Structures are given as C-alpha cells and as structure tokens.
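>>> A structural model of the following input is requested.
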Amino acid sequence: MVNPYRFVLVAALVWCPLAVAATQPTTSPVSTVIVVDTDQAPEMKDFGERVRVVAQRWYPIIAAELPGDGFRPPARVTIVIKHMDGIAYTTGPTITCAAKWFTDHPDDVGAVVHELVHVVQGYTIGHRPGWLVEGIADYIRWFKYEPASARPHPNPAHAKYSDSYRTTAAFLDWAVPKYDADLVRKLNDACRGGHYRDELWKQYTGKTADELGQEWIESLRAAQRKPSSNPHPLSYSGSHSASRSSTSAVAIASHVSAAP
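Purely as a prediction, here's the structure:
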C-alpha cells in the first residue's frame, strides 16, 4: 500500500539558468530521487509538498554553484519531517526537520535550502573551519535563494567575518565580487577535497582572511556613514539572530553536519 504522506520525486537534474557561476560547472548532472517523508508527522503533508517543490528546483542550482572536478552530488536525498527538538540537521544525504519549528515558522523554507547545501558540500575528510562550512551554506541561502530584501546587514560594531552563518555569508558576498568571482567555489572545493588551509585566502585574494575581514568591517562602517534611502535598514549584531532559524543555540546543538 502506498503511504499517502510520502512524496517521491524522480527528477533528472538539469542545470538551471538561474544558477549563475563564474565558470562552467564541472559537476556532472545525475538522476536524483528526492524523498520527503512525513510518516512521523502526517499533519505536515502540505508543508512537505512545499519543501518537495523547493528541493526539486534548488538542488540542481546548489550543485551548479558548488561544483568540483569529478564530483557528483548524492543521487538520493531524503527529507524527514518528524517531532523532535531543534530545527533541522543533515547527516549525509538525509535532512531531518522539526515539525514544531516548521509549524510555527511555515515560511522558513530557506532553512531547508541551507541543509540542502550541506548535502551538496559532502565534506567527509580533512580539516575545515565550522564557521566557513555554515557560512557557505548561508551564502547560498541568503544571497542566492532568499529575496534581496531579506539579506543580512551585519553591524560592524559587533560582527566578525568568522562569526559563522549569515555573518560569514555577508562577508563572502562582499569578497566574491571584489576579489574572486570563484572564491566560494574554490573554498568549497578545498573543504570537500580535505585540503583546506588558511593560507588559501591569500592565494586566492592576495590577502589573509583577517586582512579581508578588517577591510570588510571598514566597508560596513563606511556604508553606515553614508545617508541611506532606507530609513529602517535591516541590521543585526552577529550571527546568532533570533530570526535566523539555524543560528539558535538549539539548532547549533543539533546541526550534525557542522565541521568538528
């Protein structure tokens, strides 16, 4: 008997034109099965369908944003929605989401996009800083998936480039057009391949991460001094904003995919 609360989507990945990359992705498209399983929370059926649609569209886009020579993203991704504490976490190709959180925050589909990035990252070997792992995931979420009006605006009085999540995402979004259009792809590839080292920042940009971070903070301060056409600009003091689902303490505690 077919369970009415399980949605199974078989979709051939086609590189969507919405995924803009500075170089042609080398990741090979694969036939992928996306499974959204609401067996343990059948009341989440409608939300599960929304997540299925988003995953269908964004999984190939994310894969195109984070390619690698010979890399193939997992051919099967399972998204489980169940009753649990926390918000969401990723283990390999399986994303687990908290029914209560998404019942209370039904528009936070971007949190699932963040977890989809972790599936594509596929980090299993070597050292990689956790702040960069989460920063890349939030870079894709906030600067590719979410509307521009929702993008983070870190407060230079408190922010640091290594604050993780959307603070680091904003730092990456500043560095990419200024120093290297392929910076995120290169850093991701180094993390995935197990050969990340701090010296790569200087190799890719000519400056250390600390030097870039200081320059970024100065640019934020300069922007604050300029008259703004928006009388109520979005701002926050760091990466642990209450409005960011995956940055709450409970989410961090349950985020299995974060680097050790």
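>>> which residues of the stretch 51-200 of the chain fall in strands?
Defined through DSSP state E, counting those that start in this stretch, the strands belonging to the stretch 51-200 of the chain, from first to last, are 76-82, 88-91, 94-98.
>>> what helices or strands is the second one leaning on?
Secondary structure elements in contact with strand 88-91, counted by 3 or more Cβ pairs under 8 Å, 6 or more residues apart in numbering; DSSP states H and E, are strand 94-98, helix 110-121, helix 249-254. Every residue, glycine included, has its C-beta placed from N, CA and C.
>>> the second one vs strand 94-98, what angle?
Spelled out, it's helix 110-121. Using axes from the mean of the first three to the mean of the last three Cα atoms, to 10 degrees, the direction of helix 110-121 lies 160 degrees away from that of strand 94-98.
>>> for helix 110-121, what is the distance to the chain centroid?
Put simply, helix 110-121 sits 5 Å off its chain's centre (Cα atoms, centre = their mean, to the nearest Å).
>>> which other helices and strands contact it?
Here helix 110-121 is seen to pack against helix 45-65, strand 76-82, strand 88-91, strand 94-98, helix 130-140, helix 183-193 when contacts are counted using 3+ Cβ pairs under 8 Å, 6+ apart.
>>> restricting to C-alpha, output the longest one in PDB.
What follows is helix 45-65, C-alpha atoms only, in PDB (Å, rounded to 0.1, in the frame of the first residue of the first chain):
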ATOM      1  CA  LYS A  45       1.800  16.900   4.500                       C
ATOM      2  CA  ASP A  46       1.200  20.300   2.900                       C
ATOM      3  CA  PHE A  47       4.400  21.700   4.100                       C
ATOM      4  CA  GLY A  48       6.200  18.600   2.900                       C
ATOM      5  CA  GLU A  49       4.800  19.300  -0.600                       C
ATOM      6  CA  ARG A  50       6.200  22.800  -0.500                       C
ATOM      7  CA  VAL A  51       9.600  21.500   0.600                       C
ATOM      8  CA  ARG A  52       9.500  19.000  -2.200                       C
ATOM      9  CA  VAL A  53       8.900  21.700  -4.800                       C
ATOM     10  CA  VAL A  54      11.700  23.800  -3.500                       C
ATOM     11  CA  ALA A  55      14.100  20.900  -3.300                       C
ATOM     12  CA  GLN A  56      13.300  19.900  -6.800                       C
ATOM     13  CA  ARG A  57      14.200  23.300  -8.100                       C
ATOM     14  CA  TRP A  58      17.100  24.200  -5.900                       C
ATOM     15  CA  TYR A  59      19.100  21.000  -5.500                       C
ATOM     16  CA  PRO A  60      20.500  21.300  -9.100                       C
ATOM     17  CA  ILE A  61      21.100  25.000  -8.600                       C
ATOM     18  CA  ILE A  62      23.100  24.400  -5.500                       C
ATOM     19  CA  ALA A  63      25.100  21.600  -7.200                       C
ATOM     20  CA  ALA A  64      25.900  24.000 -10.000                       C
ATOM     21  CA  GLU A  65      27.000  26.700  -7.500                       C
END
